[in-house]
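Student: from the sequence below, what's the structure:
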Amino acid sequence: MSRHLRDRAKPGRARPVEEYGATTERLPLRRGCAVTEPLFVALPPMPRSTTTYQRTLSLPLRSTRTLSIFQRKNGVSYLFAGSLEHLMRDLFTPSGRAFYQFGGFHDLRPIEPEAWADGLSERFGADNCVIDRAALHKIIQYGEGQPRTTMLIAQKTHLTSIELGVRAIDLNVVEQGLQAAMAGDRIAHEQIVERIRRSHRLGLLVAERVALGRAVYTGLPRGAVRRALEALRDDGTIESGGRGEWRITSPLLRRYLQSVQPGP
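Tutor: Model (predicted):
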């Protein structure tokens with residue numbers, strides 16, 4: 001049976017690439033298992049900060065050493081989970097990078113709405129709550145298929161039903177659950193907005209336009225907008241939806257940006 005190992009990084013802390021090699025080199029000794037035993041190593045996310053990431057790429061010798069450690073470990077599989085896709089492709093795809101042709105990319109299949117409906121119904125039922133079909137689909141709609149957002153709204157909806165002393169969950173309870181989820185994330189959203197303000201002089205305006213579905217370049221210098229988009233992409237605030245299309249990665253953050261000082 002393969003052994004599943006997870007590096008004990010502090011929650012939310014991204015790791016420079018050179019730390020991966022050191023972590024992997026110590027894993028068998030720390031876990032007391034032979035290197036020949038099949039291992040699955042789930043590594044924490046790569047840095048989201050552009051500065052930290054550039055420092056990572058400026059350490060070719062350490063990156064090469066990390067790769068050599070990975071390659072020496074027979075029967076070990078590595079998963080770089082939770083990292084931004086464009087950073088991963090920049091590290092693994094160009095021929096000049098230390099991780100060139102090491103591993104491959106695998107898209108995780110999105111959770112289908114039917115699977116969400118079945119799973120959430122089971123969760124609510126475990127606490128003797130009954131959720132009507134319209135309310136269930138509204139949670140899924142608000143979550144937009146993103147696991148963290150969907151589960152947070154469902155959790156807050158359940159908590160709201162407890163506070164109201166009801167076991168039958170309808171659209172009204174879901175709406176209150178959504179507002180509770182927004183309130184719970186408000187401080188984080190305020191911090192993100194402040195970070196966006198500092199990232200680029202047009203950062204917040206561009207982010208607001210993306211959130212509102214408006215054209216980002218209208219009336220603004222194209223070069224400056226492009227740099228603002230790159231900064232927002234690099235810190236994980238937005239992602240590309242195709243050529244010239246951008247979207248806010250978090251549905252709740254998008255709602256927050258839509259509600260405060262919408263840009264022109």
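Student: where are the low-confidence patches of the stretch 151-264 of the chain?
Tutor: Along the stretch 151-264 of the chain, segments meeting pLDDT under 70 span 261-264.
Student: strands of that one, start to end?
Tutor: Per DSSP state E, counting those that start in this stretch, the stretch 151-264 of the chain carries strands over the ranges 168-169, 238-242, 245-248.
Student: same check, this time on the stretch 1-150 of the chain
Tutor: Counting by DSSP E, counting those that start in this stretch, the stretch 1-150 of the chain has strands at residues 3-6, 39-43, 76-80, 130-131.
Student: between the ones you listed, which gets the lowest average pLDDT?
Tutor: Note on the strands of the stretch 1-150 of the chain: strand 3-6 shows the lowest mean pLDDT, a mean of 40.
Student: columns distance to E114 and mean neighbour count on top of the strands of the stretch 151-264 of the chain, output as TSV?
Tutor: C-beta: built from backbone N, CA, C; applies to glycine. Compiled in TSV, the strands of the stretch 151-264 of the chain are given as follows (distance: least, CB to CB, whole Å; neighbours: other CB atoms under 10 Å):
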stretch	distance to E114	mean neighbour count
strand 168-169	19	17
strand 238-242	24	14
strand 245-248	24	17
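Student: identify whichever of those strands lies nearest to I187.
Tutor: The closest of these to I187 is strand 245-248. By CB to CB, the value is 17.8 Å.
Student: still on that earlier bit, and P221, which of the strands of the stretch 151-264 of the chain is closest to it?
Tutor: Closest among the strands of the stretch 151-264 of the chain, once you apply CB to CB, is strand 245-248, at 17.3 Å.
Student: distance from stretch 223-243 to the middle of the chain?
Tutor: 15 Å (CA atoms, centre = their mean, to the nearest Å).
Student: tell me the buried residues in it?
Tutor: By neighbour count on 16 or more other CB atoms under 10 Å, the buried set for stretch 223-243 is 225, 227-229, 231-239.
Student: biggest separation within those residues, which pair?
Tutor: Largest separation among the buried residues of stretch 223-243 by CB to CB: V225 and G236, giving 18.7 Å.
Student: ok so, going back, so which of the buried residues of stretch 223-243 are in helices?
Tutor: Per DSSP state H, helices hold the following members of these: V225, R227, A228, L229, A231, L232, R233, D234.
Student: can you list the residues you listed in TSV and add distance to E144?
Tutor: Formatted as TSV, those follow (distance: CB to CB, whole Å):
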residue	distance to E144
V225	25
R227	28
A228	24
L229	21
A231	24
L232	19
R233	19
D234	22
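Student: how about low-confidence regions in the stretch 1-150 of the chain?
Tutor: Applying pLDDT under 70 to the stretch 1-150 of the chain flags residues 1-38, 43-66, 73, 81-87, 97-98.
Student: rerun at 50
Tutor: The stretch 1-150 of the chain contains residues with pLDDT under 50 at 1-18, 29-32, 49-50, 58-59, 61-62.
Student: re earlier: distance to R254 added to the strands of the stretch 151-264 of the chain, as CSV?
Tutor: Compiled in CSV, the strands of the stretch 151-264 of the chain are given as follows (distance: least, CB to CB, whole Å):
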stretch, distance to R254
strand 168-169, 25
strand 238-242, 10
strand 245-248, 4
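Student: now for those strands, which one comes closest to D185?
Tutor: Closest approach to D185 among these is made by strand 245-248 (12.9 Å; CB to CB).
Student: perfect, that will be all.
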